[in-house]
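**Student:** My questions concern the predicted model and sequence given below.
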Amino acid sequence: MTAHLGVDYRMPTPLHVPLLLEGWLDRREGRKIYARATLHAEGELTAEASGLFIAFDREKFTALLESRNKDR
């Protein structure tokens with residue numbers, strides 16, 4: 001689940017040129033996952049992003065979905 005997503009636009013990103021988008025996991029603290037990304041056009045940084053995502057326990061999430069489907 002996305003808890004926070006932010007983008008900092010450093011300069012306009014040109015059209016019709018190859019873009020390099022790189023993303024990586026910055027760190028993990030329990031269920032919190034911090035990620036970052038950069039966007040480059042023609043060697044110039046045009047945007048940076050950061051996000052905080054919350055990991056779900058797969059079994060609990062599946063049980064929640066199943067219980068919701070039973071109520072319908």
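**Tutor:** All right, it came through fine. In this text, all values refer to a predicted model and were calculated from it rather than measured experimentally.
**Student:** where's the most centrally placed residue in the chain relative to Lys60, distance?
**Tutor:** When C-alpha atoms, centre = their mean is applied to the chain, the residue found nearest the centroid is Gly51 (5.2 Å). Gly51 is 22 Å from Lys60, where distance means C-beta to C-beta, to the nearest Å. C-beta here means a position set from N, CA and C on the backbone, and glycine is covered the same way.
**Student:** circling back to that earlier point, what is the one helix or strand the residue nearest to the centre of the chain maps to packed up against?
**Tutor:** Assessed by DSSP states H and E, Gly51 sits inside strand 44-54. With contacts taken as 3 or more C-beta pairs under 8 Å, 6 or more residues apart in numbering; DSSP states H and E, strand 44-54 sits against strand 2-9, strand 32-41.
**Student:** Partner strands of the longest one and their direction?
**Tutor:** I take that to be strand 32-41. Strands that pair with strand 32-41, judged by DSSP bridges, come out as strand 19-29 (antiparallel), strand 44-54 (antiparallel).
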